[in-house]
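Participant: Okay, structure incoming, though there's no sequence with it:
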């Protein structure tokens with residue numbers, strides 16, 4: 001084996017090692033950073049001893065209790081009073097509702113990113129984009145049922161744009177929403193996990 005072949009093989013091993021280790025290291029780092037940040041939101045010390053993970057458990061318990069209380073008749077007057085306070089501060093109300101709607105899109109009963117579609121931006125255009133239907137009722141802005149709102153995420157980013165397009169320009173995809181989001185955000189590098197017998201819905 002020549003030195004040139006040895007060099008190419010070592011270089012291939014190097015790249016393979018980078019591809020195996022760097023994504024894992026970055027994922028572990030992000031998960032650990034988020035875990036530590038969330039874990040320190042509430043006290044995690046009992047009798048002078050620090051217990052890792054206690055903060056997260058306590059926070060989750062608080063969320064569960066708040067969720068239960070929010071569904072009781074006792075909380076309804078407080079919720080109405082809070083909404084009246086928000087109405088008096090339009091900027092805070094807008095911020096609150098935006099954050100609430102964004103979270104509801106992922107963890108609420110009515111999720112907004114579970115309908116991946118292929119969108120033809122112009123009827124006579126061959127270029128199409130991947131997106132998600134976020135609203136099928138646009139009557140509030142004077143549009144009929146032939147128009148829908150579609151969120152188009154940007155590659156290598158969490159940002160995106162909302163487009164209003166005709167239903168006839170869309171094709172529902174028989175692919176899970178997380179797979180489509182991963183494909184878009186990765187710039188098309190991540191492959192879509194589609195079974196051979198699956199065909200896009202029309």
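Facilitator: Yep, it's here. Source: prediction; values computed, not measured. Residues are numbered from 1 along each chain as shown.

Participant: which of the residues in the longest helix seen in the chain are buried?
Facilitator: In the chain, taking DSSP state H as the definition, the longest helix is helix 3-39. Neighbour counts over helix 3-39 (16 or more other CB atoms under 10 Å) mark residue 39 as buried. For glycine as for every other residue, the C-beta is placed from the backbone atoms N, C-alpha and C.

Participant: Ok, stretch 163-175 next?
Facilitator: Under 16+ other CB under 10 Å, the buried positions of stretch 163-175 are 165, 169-170, 173, 175.

Participant: Looking at these, which are in strands?
Facilitator: 165, 170 (DSSP state E).

Participant: just to revisit the earlier point, mind giving me the packing neighbours of the longest helix of the chain?
Facilitator: Applying 3 or more CB pairs under 8 Å, 6 or more residues apart in numbering; DSSP states H and E, we find helix 3-39 packed against helix 54-70.

Participant: which of the residues in the helix it packs on are buried?
Facilitator: Here helix 54-70 shows 54-56 as buried, counting by 16+ other CB under 10 Å.

Participant: Which of those sits closest to residue 25?
Facilitator: residue 56 (22.2 Å; CB to CB).

Participant: Could you report the pLDDT at the closest one?
Facilitator: Per-residue confidence (pLDDT) for residue 56: 82.

Participant: where's the residue lying closest to it once chain neighbours are set aside relative to residue 143, distance?
Facilitator: Excluding the flanking residues, the one nearest residue 56 by CB to CB, 6 or more residues apart in numbering is residue 39, at 5.1 Å. According to CB to CB, to the nearest Å, residue 39 stands 46 Å off from residue 143.

Participant: Likewise for residue 149?
Facilitator: Residue 149 is 9 Å from residue 143, by CB to CB.

Participant: Moving C-terminal from the helix or strand bottoming out on mean pLDDT in the chain, which element do we reach first?
Facilitator: With mean pLDDT, DSSP states H and E as the measure, the helix or strand of the chain carrying the lowest mean pLDDT is strand 45-46 (a mean of 69). Per DSSP states H and E, the first helix or strand lying C-terminal to strand 45-46 is strand 49-50.

Participant: Check the offset of that following strand from the chain's centre.
Facilitator: 34 Å (CA atoms, centre = their mean, to the nearest Å).

Participant: what is the mean pLDDT for that strand?
Facilitator: 76.

Participant: likewise stretch 121-137?
Facilitator: 81.

Participant: Then stretch 171-190?
Facilitator: Here the average pLDDT along stretch 171-190 is 79.

Participant: quick one: terminal-to-terminal distance for that stretch?
Facilitator: From its first residue to its last, stretch 171-190 covers 21 Å (CA to CA, to the nearest Å).
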